[in-house]
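> Just a sequence and a predicted model for now, questions to come.
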Amino acid sequence: MFINGVFEGGGVKGISLAGAVRAAETSGVKFHRVAGTSSGSIVAALIAAGYTSEEMKEIITEMPFMSLLQRAPIFNIGIIGPVLRVLLKKGLYSGEALEEWVRTILLRKKVRTFGDLPKGKLLIIASDISNGKILVLPDDLERFGIKPESFEVAKAIRMSCSIPYFFDPVRLRLSVDKGKGKPFAEQFVYIVDGGMLSNFPLWLFDKEKNRDTGEIIPTVGFQMVGKNGNKPHKINGPFSMLQAMVETMLSAHDERYIEQHNRYRTIKIPTLGIGTTQFHITLEESLLLYDSGVQAGQRFFKRWDRKMYEDQFHKFQDKTYKI
């Protein structure tokens, strides 16, 4: 059975998504197309590149997540260093280590650009804060005069994962034609985490049907719940306040839509109180998140029924959430 998979963003909690993919695989589910935001874009890209959930688990257990938080030593000096970096670079960390890590993993499957994947197989959500618009990559790159098929998947993922003020925004330059006549400063756009505008883009595939049969291709969303462990944020300084603001922003705005209209097609994965930017996560916590995803996925697919899906889809299709 084929489905379209949509993976929510959630920083390091995205480990749990790989576990839910494992449950899908063992239930006989295959992915037709995939999409994701932030850490969800990483999981979606790995699926599109041909990684199995067991291979993802191996990648997770080998990954020292703290190594993704890179910045020059001068920016580590007291409070002044990080503040200075945010003022100069617009982020606490560069995001380059994350991009290189993703690039290395994808190259193992001979995937570098979107052209190395089947057309339309992978969609990644990012936010263009220069123009205040959502980006569905790679297609929307044409807005900037960039050929979608030649764009690096790892770069698109970095864009989608650039949590505001935590990682640097990605600066994208317009092509010569698009930038012609514009002042130099206006020839660049700033791209940040897709969760700014849609952290859980279930709407992406709603109009798609099987070309041969005309049937709906079901869309299943992989969502992380219990984002803050039901505990309030402890705010004791400017950076803890910033972290609380970002986590709230990235987790809140799609919630009502999901609860009202999409329960029937959403796997809800408990994240065990682990935070979005908890990069000091232990191996034990990583494996617990993975297992949480497996269990949530098993519960969902055990009761999943195509007829029920189609009935519910037709009931709610006129209320499809759009940005």
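On my side now, so go ahead. Not measured: the values here are computed from a predicted model.
> can you give me the offset of stretch 220-227 from its chain's centre?
Put simply, stretch 220-227 sits 12 Å off its chain's centre (CA atoms, centre = their mean, to the nearest Å).
> and what of stretch 270-286?
In terms of CA atoms, centre = their mean, the centre of stretch 270-286 is set 16 Å apart from its chain centre.
> ends of it, how far apart?
Using CA to CA, to the nearest Å, one end of stretch 270-286 lies 13 Å from the other.
> Next: stretch 7-22.
For stretch 7-22, the first-to-last residue distance is 14 Å (CA to CA).
> Who are the contact partners of residue 116?
By CB atoms under 8 Å, 6 or more residues apart in numbering, the contact set of residue 116 is 110, 153. For glycine as for every other residue, the C-beta is placed from the backbone atoms N, C-alpha and C.
> That one and residue 37, how far apart?
Separation of residue 116 from residue 37 (CB to CB, to the nearest Å) stands at 22 Å.
> now do residue 92
Going from residue 92 to residue 37 by CB to CB gives 20 Å.
> In terms of neighbours, single out the busier of the two.
Neighbours around residue 92 and residue 37, counted as other CB atoms under 10 Å, are more numerous at residue 37. The numbers are 32 against 22.
> my guess is that one contacts residue 204, does it?
No - the pair residue 37 / residue 204 is not scored as a contact, 10.3 Å apart, by CB atoms under 8 Å.
> And the strands in the stretch 1-150 of the chain, which stretches?
For the stretch 1-150 of the chain, the strands defined by DSSP state E, counting those that start in this stretch cover 2-7, 30-37, 91-93, 122-128, 133-137.
> same deal with the stretch 151-300 of the chain?
For the stretch 151-300 of the chain, the strands defined by DSSP E, counting those that start in this stretch cover 165-167, 170-173, 188-193, 219-225, 266-270.
> Can you list the strands that the shortest one pairs with?
If I follow you right, that is strand 165-167. Using DSSP bridges, the strands paired with strand 165-167 in its sheet are strand 91-93 (parallel).
> Distance from the chain centre to the strand it pairs with, please.
19 Å.
> what does it rub up against?
The contact list for strand 91-93 (CB under 8 Å, 6+ apart) reads 68-71, 82, 85-86, 162, 164-169, 239.
> Quick check: mean pLDDT of it?
Averaged across strand 91-93, the pLDDT comes to 82.
> returning to that earlier point: could you save the strands of the stretch 151-300 of the chain as JSON lines and add columns showing distance to residue 303, mean neighbour count and mean pLDDT?
Output for these, formatted as JSON lines (distance: least, CB to CB, whole Å; neighbours: other CB atoms under 10 Å; pLDDT from 0 to 100):
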{"stretch": "strand 165-167", "distance to residue 303": "37", "mean neighbour count": "23", "mean pLDDT": "84"}
{"stretch": "strand 170-173", "distance to residue 303": "40", "mean neighbour count": "16", "mean pLDDT": "92"}
{"stretch": "strand 188-193", "distance to residue 303": "33", "mean neighbour count": "21", "mean pLDDT": "92"}
{"stretch": "strand 219-225", "distance to residue 303": "13", "mean neighbour count": "25", "mean pLDDT": "94"}
{"stretch": "strand 266-270", "distance to residue 303": "11", "mean neighbour count": "22", "mean pLDDT": "95"}
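> can you tell me which of those comes nearest to residue 45?
strand 219-225 (13.9 Å; CB to CB).
> returning to what we had before: looking at the strands of the stretch 1-150 of the chain, which is closest to residue 288?
When the strands of the stretch 1-150 of the chain are compared by CB to CB, strand 2-7 sits nearest residue 288, at 19.1 Å.
> Tell me the strands beside the closest one, with direction?
Looking at strand 2-7 with DSSP bridges, its partner strands are strand 30-37 (parallel), strand 219-225 (parallel).
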